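# pasting a predicted model and its sequence here:
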Amino acid sequence: MLITGFPAGMFQTNCYLVCDEETREAIVIDPGQDAAPQVRAALAEHDMKPVAVFLTHGHLDHTWNAQELADEYSIPVYIHPDDRGMLADPGEGLGKALAAMIGVLTFREPEKVIEFVDGEEIEVAGIRWKIDHAPGHTRGSVLLTTELVDDGPDETAARPVCFSGDVLFQGSIGRTDLPGGDHQQLLDSIGERILPMPDETVVLPGHGPQTTVGAERATNPFLTGTLDIKKGRNGL
């Protein structure tokens with residue numbers, strides 16, 4: 001499995017492409033503002049065929065180019081039903097101050113939308129995914145977890161990889177002061193959904209560098225109660 005990514009747009013949102021190296025089928029995760037040209041370039045560079053767009057949540061900095069890419073390649077967009085309304089009305093999740101940045105721009109749902117179901121396991125692009133609903137940053141935030149086979153003599157060894165969106169970052173957590181945010185609910189989601197994962201689980205967040213569950217359990221001050229976590233520090 002190949003995983004590549006890049007930060008895009010004014011919020012430097014991490015967009016990822018996950019590809020089965022045999023079939024060359026790929027999933028695009030969180031194509032935010034200005035992500036489309038870089039997605040097209042990465043698809044061409046690695047000879048990948050997109051088959052789906054996965055959205056970790058509905059905030060505009062993660063969804064901006066989802067409809068454009070999905071309709072261009074005739075592929076579905078996956079999103080949790082609690083955040084689906086933001087595809088056509090992103091202002092719903094931004095609040096008045098941030099919604100003003102949209103101005104006269106209009107958005108619509110992609111031609112095909114599939115709703116994630118909490119706890120489901122799905123196979124897309126030849127890759128097995130576990131979907132966990134993790135509300136708190138938004139009502140419909142999800143964790144997307146799969147396994148990456150490690151390089152080395154033991155080709156059966158697999159390392160869990162979790163795309164955490166804006167639930168958990170390196171040294172921080174998502175903000176909870178926007179519509180649909182809930183501070184305690186976010187902490188509960190992290191405690192119930194992420195912290196039980198193995199220490200070696202790679203966390204690929206919606207903003208900033210990658211980390212591991214073990215590192216965040218041991219060092220993230222937002223999880224030890226030592227700092228005010230009302231707003232967090234990354235993205236929308």
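Good, I have the coordinates. Numbers count the residues shown, from 1 in each chain.

# rest of the way, CA atoms for contacts and neighbours
Noted.

# alpha carbons only: can I get the helix or strand bottoming out on mean pLDDT in the chain in PDB?
Using mean pLDDT, DSSP states H and E, helix 95-99 stands out as the lowest-scoring helix or strand of the chain, at a mean of 74. Extracted in PDB, the C-alpha atoms of helix 95-99 (Å, rounded to 0.1, in the frame of the first residue of the first chain):
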ATOM      1  CA  GLY A  95     -20.300  30.000  12.600                       C
ATOM      2  CA  LYS A  96     -21.000  33.600  11.400                       C
ATOM      3  CA  ALA A  97     -17.400  34.900  11.500                       C
ATOM      4  CA  LEU A  98     -15.800  32.100   9.500                       C
ATOM      5  CA  ALA A  99     -18.800  31.700   7.200                       C
END
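
# below-threshold pLDDT in the protein: ranges please.
In the predicted model, the chain carries pLDDT under 70 at residues 149-157, 225-235.

# quick one, strands of the protein?
Using DSSP state E, the strands of the chain run over 2-8, 13-19, 25-29, 49-54, 77-79, 113-115, 121-124, 127-133, 142-149, 158-165, 168-169, 172-173, 202-205, 211-212.

# most tightly surrounded among those strands?
strand 168-169 (a mean of 28; mean count of other CA atoms under 10 Å).

# mind giving me the packing neighbours of that strand?
Here strand 168-169 touches strand 202-205, going by 3 or more CA pairs under 8 Å, 6 or more residues apart in numbering; DSSP states H and E.

# partner strands of the strand it packs on, parallel or antiparallel?
Strands that pair with strand 202-205, judged by DSSP bridges, come out as strand 158-165 (parallel), strand 211-212 (antiparallel).

# make TSV from those and add distance to Glu68 to it.
What follows is the strands paired with strand 202-205, written out as TSV (distance: least, CA to CA, whole Å):
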stretch	distance to Glu68
strand 158-165	20
strand 211-212	30
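
# tell me the contacts of the spatially closest residue to Gln170 that is not a sequence neighbour?
Excluding the flanking residues, the one nearest Gln170 by CA to CA, 6 or more residues apart in numbering is Thr211, at 5.7 Å. Counting by CA atoms under 8 Å, 6 or more residues apart in numbering, Thr211 touches 169-170, 202-204.

# just Asp20 next, same as before
Neighbouring residues of Asp20 by CA under 8 Å, 6+ apart: 1-2, 26, 125-127.

# nearest to Arg193, out of the strands paired with strand 202-205?
strand 158-165 (10.4 Å; CA to CA).

# so which bits of the longest helix anywhere in the chain are buried?
The longest helix of the chain (DSSP state H) is helix 36-45. Residues of helix 36-45 classed as buried by neighbour count (16 or more other CA atoms under 10 Å): 36, 38-39, 42-43.

# got a list of what the closest residue to Phe107 other than its chain neighbours touches?
Excluding the flanking residues, the one nearest Phe107 by CA to CA, 6+ apart is Ala88, at 5.0 Å. By CA under 8 Å, 6+ apart, the contact list for Ala88 reads 106-109.
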